[in-house]
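Visitor: no sequence on hand, only this structure:
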């Protein structure tokens, strides 16, 4: 399947590499591909160019080109800028497609701990669905680290949960199948896209747990 | 130990009965004890008076009298009115004592789903600690049903987690010991009282899970 990941941060890279490893054709999209590839850092492996030497089949291109290529689009951009990034990707390139939203609208502008914006009576996923009504938005994977997203067995043998929220039942079923390929065993359908509010609101306790446990190698399990 | 539970709803009754069963001396506090005892309902067992016939050792009195009696105070009042209830209980009756806050500030005034108020950059637990600086506020148990609070083994053999947030390490240790007596095996100390924000923000997903799973017999486990 042609999957396009928008956003070149840790989550985007990790998910793109894992999905390519499962046989999908991956393209990554970013605002300024030349700028992203030219970026340097003391640790060259931390740059996108360094990462790409290990993932030569994954092409980097602009948001619109990437979105046009994908049958499924993954939003792994910074949550505070996701609507702008998706607007650059183009509503027409998203229409009718599954848009997997894994971003969280964390606002670090007022220092630590970050707050969420929007929150409580709205969510990023709902904003995206409202802005792109013809896309089939499915919120998922936003409640765990990138490493756990793609290798759930690395935590407690995979005995934990992942949530899906969205208005389109078939889109959610396709996403659930992708999650199961990655190793997720307990996919919980919370309901329509408004239920993404609840999963985005897990982020504050996730961040506190990271601090208290001293590791990101954990996940929420719904014991029952 | 003398423990006073403020609030006569399901959570307050369930916790009071369980703590009495573990040998503690329990008093319950409410705004208008005579009115609460006089209340009638088609199912007489659902009334406080009906409940009390099975729990004769638990005296019902006013907020201030109950708070004066307790060495530990439990806030099980409606979260939107907790600060008013605790003000009626009297700052002097809370000073120096452990104040276990199990309430959530759920606002149903705008319909379903309820929102939280305060949320995100503040929490009920922080409001209470700011209003009663001499109380040792410990937020806990607000992330599960009343039945699971007092009988954690009823869900997944007790293999799930409970959080504590608070500024006083000794108060948190005392509360953790009480939780362990109730059967909680995984007590996670998130940090100071500001970390209660994260646990109160679990409520939206908790409410959605109740809907999706069709039962309150579940709990969050932090798999790691």
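Guide: Arrived safely, thanks for sending. For clarity, every value in this text was computed on a predicted model and none was experimentally measured. Numbers count the residues shown, from 1 in each chain, chains lettered A, B, ... in the order given.
Visitor: after the longest helix seen in chain A, next one along is what?
Guide: When chain A is parsed with DSSP state H, its longest helix is helix A:169-182. Using DSSP states H and E, the next helix or strand after helix A:169-182 towards the C-terminus is strand A:186-191.
Visitor: show me where chain A has its helices.
Guide: So, for chain A - with DSSP H - the helices run A:10-21, A:33-38, A:48-53, A:63-69, A:82-89, A:91-94, A:124-131, A:146-150, A:169-182, A:196-200, A:203-213.
Visitor: now those as CSV including distance to residue B:209 and mean neighbour count?
Guide: For the C-beta atoms, the positions are set from N, CA and C on the backbone; glycine is no exception. Formatted as CSV, those follow (distance: least, Cβ to Cβ, whole Å; neighbours: other Cβ atoms under 10 Å in any protein chain shown):
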stretch, distance to residue B:209, mean neighbour count
helix A:10-21, 24, 20
helix A:33-38, 39, 13
helix A:48-53, 36, 16
helix A:63-69, 33, 21
helix A:82-89, 25, 20
helix A:91-94, 29, 18
helix A:124-131, 17, 22
helix A:146-150, 19, 21
helix A:169-182, 16, 17
helix A:196-200, 8, 28
helix A:203-213, 15, 20
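Visitor: poorly predicted segments of chain A, please.
Guide: The model of chain A has no residue with pLDDT under 70.
Visitor: related to what we said a few turns ago, will you turn the helices of chain A into TSV that also has distance to residue B:160?
Guide: Listed next are these as TSV, based on distance: least, Cβ to Cβ, whole Å:
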stretch	distance to residue B:160
helix A:10-21	27
helix A:33-38	42
helix A:48-53	37
helix A:63-69	40
helix A:82-89	32
helix A:91-94	38
helix A:124-131	27
helix A:146-150	18
helix A:169-182	22
helix A:196-200	18
helix A:203-213	14
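Visitor: closest one to residue A:114 among those helices?
Guide: Residue A:114 lies closest to helix A:203-213 among the helices of chain A, at 7.2 Å (Cβ to Cβ).
Visitor: now for that closest one, which elements pack on it?
Guide: strand B:186-191, helix B:196-200 (3 or more Cβ pairs under 8 Å, 6 or more residues apart in numbering or on different chains; DSSP states H and E).
Visitor: the first one pairs with which strands?
Guide: When pairing is defined by DSSP bridges, strand B:186-191 lines up against strand B:161-166 (parallel).
Visitor: what sits up against the strand it pairs with?
Guide: A:205, B:125, B:136-141, B:143-144, B:152, B:172, B:175-176, B:179, B:184, B:186-196, B:199, B:219-222 (Cβ atoms under 8 Å, 6 or more residues apart in numbering or on different chains).
Visitor: how distant is it from the center of its chain?
Guide: 12 Å (Cα atoms, centre = their mean, to the nearest Å).
Visitor: span of stretch A:130-142 from start to end?
Guide: Distance between the two ends of stretch A:130-142: 19 Å, counting by Cα to Cα, to the nearest Å.
Visitor: in that stretch, what's buried?
Guide: Neighbour counts over stretch A:130-142 (16 or more other Cβ atoms under 10 Å in any protein chain shown) mark A:132, A:135-142 as buried.
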